[in-house]
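Engineer: pasting the structure only:
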């Protein structure tokens, strides 16, 4: 009996040691591993030092709210979607790719967005598509947009400002607007579209240019009646010149 116990103990120790050796050497193996198919809910692409450079994720595991990545908080107000997020060498989020689509009570809604951010800020270039159907009406908008972001913004400060403005909005909208304009003068907020190439909800396709206040100043487009137009606007949005000229 004693010999059997000694043998069983020796066998158990040897088995555990063997499993540890095999497991450790398998994960230390250099080179590529080949898979025919893999199911995964989220992949974090990291550098040797552990810095996350890209996140590929499903909806449930999309980073938002309480999750910390690279010692930085993630966007609290962001809706969870499947897609990817990009991070720069300093661990800051610098863009992403998201998409969704579902049926609604009266139709459907779908969208896609690929964005790139300025350093420690928000998006300055975006490829976007929205497809919404309500009853018999369908609105599709697809475009490439180039955007001005405030020169003094930071991701952390913008998050603080958004929370402050959201609280003011609940109690005093006028105070919220005043505070927003104050931050805008400081160069902390104030996103402005400057150039959009694509299709509008009214099915006009063309190039749309805006000034630094976001007002339309020039458009070259084909409208929903297949008429090509070139129009220029003043800072109030009034047409000051057009080609071809409208015939009375």
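Structural biologist: Alright, I've got the coordinates. Computed from a predicted model, the values in this text were never measured in an experiment.

Engineer: use CA for all of it now, contacts and neighbours both
Structural biologist: Fine.

Engineer: now the helices: where do they sit in the chain?
Structural biologist: In the chain, the helices defined using DSSP state H lie at 2-28, 155-171, 173-185.

Engineer: least confident of those helices, on average?
Structural biologist: Of all the helices of the chain, mean pLDDT reaches its minimum on helix 2-28 (a mean of 57).

Engineer: so where is the protein shaky, pLDDT-wise?
Structural biologist: Within the chain, the stretches with pLDDT under 70 are 1-30, 246-248.

Engineer: so where do the strands sit in it?
Structural biologist: Applying DSSP state E to the chain gives strands spanning 42-46, 52-57, 68-69, 72-73, 82-87, 93-103, 107-117, 123-134, 137-148, 192-199, 205-210, 216-222, 228-233, 239-243.

Engineer: could you chop the protein up by domain?
Structural biologist: 36-149, 150-190, 192-248 (automatic domain parsing).

Engineer: isn't residue 128 up against residue 110?
Structural biologist: No: between residue 128 and residue 110 there is no contact under CA atoms under 8 Å: 10.9 Å.

Engineer: which one's more surrounded, the two?
Structural biologist: Counted by other CA atoms under 10 Å, residue 128 and residue 110 do not tie: residue 128 has more neighbours, with 19 against 15.

Engineer: who's in contact with residue 168?
Structural biologist: By CA atoms under 8 Å, 6 or more residues apart in numbering, the residues touching residue 168 are 175-176.

Engineer: I should have written residue 110 there, sorry.
Structural biologist: By CA under 8 Å, 6+ apart, the contact set of residue 110 is 99-102, 130-132.

Engineer: which parts of stretch 205-215 are buried?
Structural biologist: By 16 or more other CA atoms under 10 Å, the buried positions in stretch 205-215 come out as 205-210, 214-215.

Engineer: residues contacting that stretch, please?
Structural biologist: Contact with stretch 205-215 is made by 148, 192-199, 216-223, 235-237, as judged by CA under 8 Å, 6+ apart.

Engineer: what subset of these is buried?
Structural biologist: Using 16+ other CA under 10 Å as the burial test, those include 148, 192-199, 216-223 as buried.

Engineer: start to end distance for stretch 142-162?
Structural biologist: End-to-end distance for stretch 142-162, by CA to CA, to the nearest Å: 27 Å.

Engineer: whoops, I mixed them up, stretch 72-80
Structural biologist: 18 Å.

Engineer: in that stretch, what's buried?
Structural biologist: For stretch 72-80, a neighbour-count test (16+ other CA under 10 Å) marks 73-75, 80 as buried.

Engineer: residues in contact with it: which ones?
Structural biologist: Stretch 72-80 has contacts (CA under 8 Å, 6+ apart) with 59-60, 62-68, 91-92, 159.

Engineer: contact partners for the one residue sitting closest to the centre of the chain?
Structural biologist: Central residue of the chain (CA atoms, centre = their mean): residue 96, 4.5 Å from the mean position. By CA under 8 Å, 6+ apart, residue 96 lies in contact with 83-86, 113-116.

Engineer: can you rerun that using 10 Å?
Structural biologist: Going by CA atoms under 10 Å, 6 or more residues apart in numbering, residue 96 touches 54-56, 83-87, 113-117, 123, 126.

Engineer: which among those residues gets closest to residue 35?
Structural biologist: Distance to residue 35, by CA to CA, is smallest for residue 56 among those, at 17.6 Å.

Engineer: leaving out sequence neighbours, find the closest residue to the closest one.
Structural biologist: Once flanking residues are discounted, residue 56 sits nearest to residue 84: 4.5 Å by CA to CA, 6 or more residues apart in numbering.

Engineer: over to residue 235?
Structural biologist: Leaving out its chain neighbours, residue 235 is closest to residue 215 (CA to CA, 6+ apart), at 6.5 Å.
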